[in-house]
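Novice: Got a sequence here, can you build the structure:
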Amino acid sequence: MQPSARDKIKPISELSEIAEKIRSSGKKIAHAHGTFDLLHMGHVRHLEQARREGDVLIVTVTADEHVHKGPGRPVFTDQLRAEMLAALEYVSWVGVNHHASAEQVIHAIKPDAYIKGSDYVDAEQDVTGKIVDERNAVESHGGRLVFTSDITFSSSELINRHIDVFEPEVRDYLDQVRQTVGLQQLLDLIESIKDMRVLIIGDTILDEYQYVSPSGQPSKENIMSTRYQDIELFAGGVIAAANHVASFCKQVDIITCLGEDDPRENFIKKQCHENVKVIPVYRPNAPTTRKVRFVDNSYLRKLFEVQFIEDSPLPPDTLEILHGKIAELAPHYDVVMAADFGHGLISGSTVNLICEAAPFLAINAQTNSANRGYNLVTKYPRADYLCIDAPEARLAVGDRFTDLASIAQDVLPKRIDCGRMILTHGRHGCVAYEAGKPVTQIPAFTRRIVDTMGAGDAFFSITSPLAKVGTDIADIGLIGNIAGAIKVGIVGHRDSVSKVSVVKALTALLK
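Specialist: Model (predicted):
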């Protein structure tokens, strides 16, 4: 019986053992790695050349959870992609790489030749920056990096042209962007903020996930019984917002409040990216705000939440320290963001100080279960850029039914002096408004939602420096929607939305 292509697919640990036996027999190993989402003639020629570099060709594919080519990708699961490759007779073995980068599988296989396409010849053009690390990994085992050169195609471009990943209105919108804006203009916009210094003022929140397995209802009580399985703690609130923008901008500093009784300061600072600095004030007789969600581990559904919070106005002594830091620092940054979660840090007098001290002010005033109806964006008299979600906008103007575009264009500007704003609207995308221009509706780009927590914070923090550049607000909304689409695929704050992931997603969407 002819062996199945699936018989060639092995775990990386087994591929390591197979590779060791191949080396012991005196044969040479060639190794190619990639996403291979849509197998095409460019891949075929690439792998044909790869096989010529060794007696055996091992191909590894990036696992689904590490494919960062934008919403709707990968089109095919890692197992299907592996099987397609294994069906090629000159591919000897195939594995799925569940690590975030290729270095681990290179160290496991130790190839004599590691094969990459011509796109990677110029390391400076590699947005991931990984080709240098991959070269070092190959050469550390005596191998060499080889670039193939033949006809090339773009899987992303073929997918965009021939596979219906998105609904017709999204495809039409992307076609319009390709024709009127173009990929390079958006990439240049992202690059334009790389030297900015950003200050974020806002509440630190420790987001704790307690993973449980529901057991059912006890016979004598009207409650849900669960069994504890695991726990995960994230640095959220303003910390998560700062980490999202950190790879886009040169420097990100945070003015925030920690609880004197249980600050968790070491943990929080360890969770910050290298270019993020925390400048804290301390609230006496209180812990750092912590929100504990009990999460059904099977489906990642949040069951209920417990808050450990002190959200009354800051004591006078603490408030004086906070104001001193804001007055001293805020005037010296390109962008000041108020990431206002409504947990007591930013009160009336602090609002006025921020508005006076910030050269460019971006505001997000969040409504949540702890402050519903009490933390409206209209408490700020002015902003240079405003980003809130649709329910927050409706609460701010006391209007449940008016069209969201009309709220952005006609109602909110009368309540707050702000000429540029974006109202996010979940699966409906966002509404972008700039004074004197028509309101633009930008569609959402994902249907795969893992966890919505923090998606609005990612949108706000990444788009705020872009708003400072003064580009078209619709372009900013597009990039923000991509950031939000990436974030809803991340559990909690396990990872941040990075510049690399946004650039790769933009490139894949607009090819």
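Novice: State the distance spanning the first to the last residue of stretch 99-116.
Specialist: Start-to-end span of stretch 99-116 (C-alpha to C-alpha, to the nearest Å) is 18 Å.
Novice: scratch that, stretch 4-20
Specialist: Start-to-end span of stretch 4-20 (C-alpha to C-alpha) is 24 Å.
Novice: And for stretch 423-432?
Specialist: Counting by C-alpha to C-alpha, you get 7 Å between the two ends of stretch 423-432.
Novice: Please point out which parts of that stretch sit buried.
Specialist: For stretch 423-432, the neighbour count (16 or more other C-beta atoms under 10 Å) marks Leu423, Thr424, His425, Gly426, Gly429, Cys430, Val431, Ala432 as buried. The way it works is simple: take the backbone N, C-alpha and C, and place the C-beta from them, glycine included.
Novice: Could I get these in CSV, plus columns for pLDDT and secondary structure?
Specialist: As requested, the buried residues of stretch 423-432 are exported to CSV (pLDDT from 0 to 100; DSSP: H, G, I helix; E, B strand; the rest coil):
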residue, pLDDT, secondary structure
Leu423, 97, strand
Thr424, 96, strand
His425, 93, coil
Gly426, 88, helix
Gly429, 92, coil
Cys430, 95, strand
Val431, 96, strand
Ala432, 97, strand
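Novice: farthest-separated two in those?
Specialist: With C-beta to C-beta as the measure, no two of the buried residues of stretch 423-432 lie farther apart than Gly426 and Ala432, at 15.2 Å.
Novice: pLDDT below threshold where in the protein?
Specialist: Within the chain, the stretches falling below the threshold (pLDDT under 70) are 1-3, 69-72, 119-129, 150-166, 447.
Novice: Who's the closest spatial neighbour of Gln271, skipping the chain neighbours?
Specialist: Taking C-beta to C-beta, 6 or more residues apart in numbering as the measure, Gln271 lies nearest to Ala235, with 3.7 Å between them; neighbours along the chain are not counted.
Novice: What does the one you found show for phi and psi?
Specialist: In this entry, Ala235 is assigned phi and psi values of phi -90, psi 110 (degrees, to the nearest 10).
Novice: Quick check: beta-bridge partners of it?
Specialist: Leu206 (DSSP bridges).
Novice: So it is in contact with Pro263, correct?
Specialist: No: with contact defined as C-beta atoms under 8 Å, Ala235 does not reach Pro263; the gap is 12.0 Å.
Novice: Tell me which of those two has more neighbours.
Specialist: Regarding Ala235 and Pro263, a neighbour count based on other C-beta atoms under 10 Å identifies Ala235 as having more, with 23 against 18.
Novice: What's the separation between the more buried one and Leu404?
Specialist: Plainly put, Ala235 is 32 Å away from Leu404 if you go by C-beta to C-beta, to the nearest Å.
Novice: likewise Gln441?
Specialist: Distance from Gln441 to Leu404, counting by C-beta to C-beta: 9 Å.
Novice: Start from the N-terminal end of the stretch 1-150 of the chain and give the helices.
Specialist: Remark: helices assigned in the stretch 1-150 of the chain by DSSP state H, counting those that start in this stretch are 12-24, 41-52, 78-86, 103-109, 130-139.
Novice: what does the stretch 401-511 of the chain give?
Specialist: According to DSSP H, counting those that start in this stretch, the stretch 401-511 of the chain carries its helices in the segments 404-406, 412-415, 455-469, 473-487, 499-510.
Novice: Can you get me a residue count around Lys21?
Specialist: Residues within reach of Lys21, counting by other C-beta under 10 Å, total 9.
Novice: ditto for Ala408
Specialist: When neighbours are counted by other C-beta under 10 Å, Ala408 comes out with 23.
Novice: now His99
Specialist: By other C-beta under 10 Å, 14 other residues sit near His99.
Novice: again with His40
Specialist: 16.
Novice: With Val491 instead?
Specialist: As a measure of burial, Val491 has 14 neighbours, counting by other C-beta under 10 Å.
Novice: dump the residue contacts of it.
Specialist: Val491 sits next to Tyr209, Glu232, Leu300, Val450, Asp451 when contact means C-beta atoms under 8 Å, 6 or more residues apart in numbering.
Novice: And what about the first one, helix, strand or coil?
Specialist: Following DSSP: H, G, I helix; E, B strand; the rest coil, we place Tyr209 in the strand state.
Novice: Can you say which helix or strand has the closest residue to it other than its chain neighbours in it?
Specialist: Distance criterion C-beta to C-beta, 6+ apart; nearest residue to Tyr209, sequence neighbours excluded, is Glu232 at 4.5 Å. For Glu232, the host element (DSSP states H and E) is strand 225-237.
Novice: correct me, but Lys8 touches Ala86?
Specialist: Yes: using C-beta under 8 Å, Lys8 is in contact with Ala86, at 4.0 Å.
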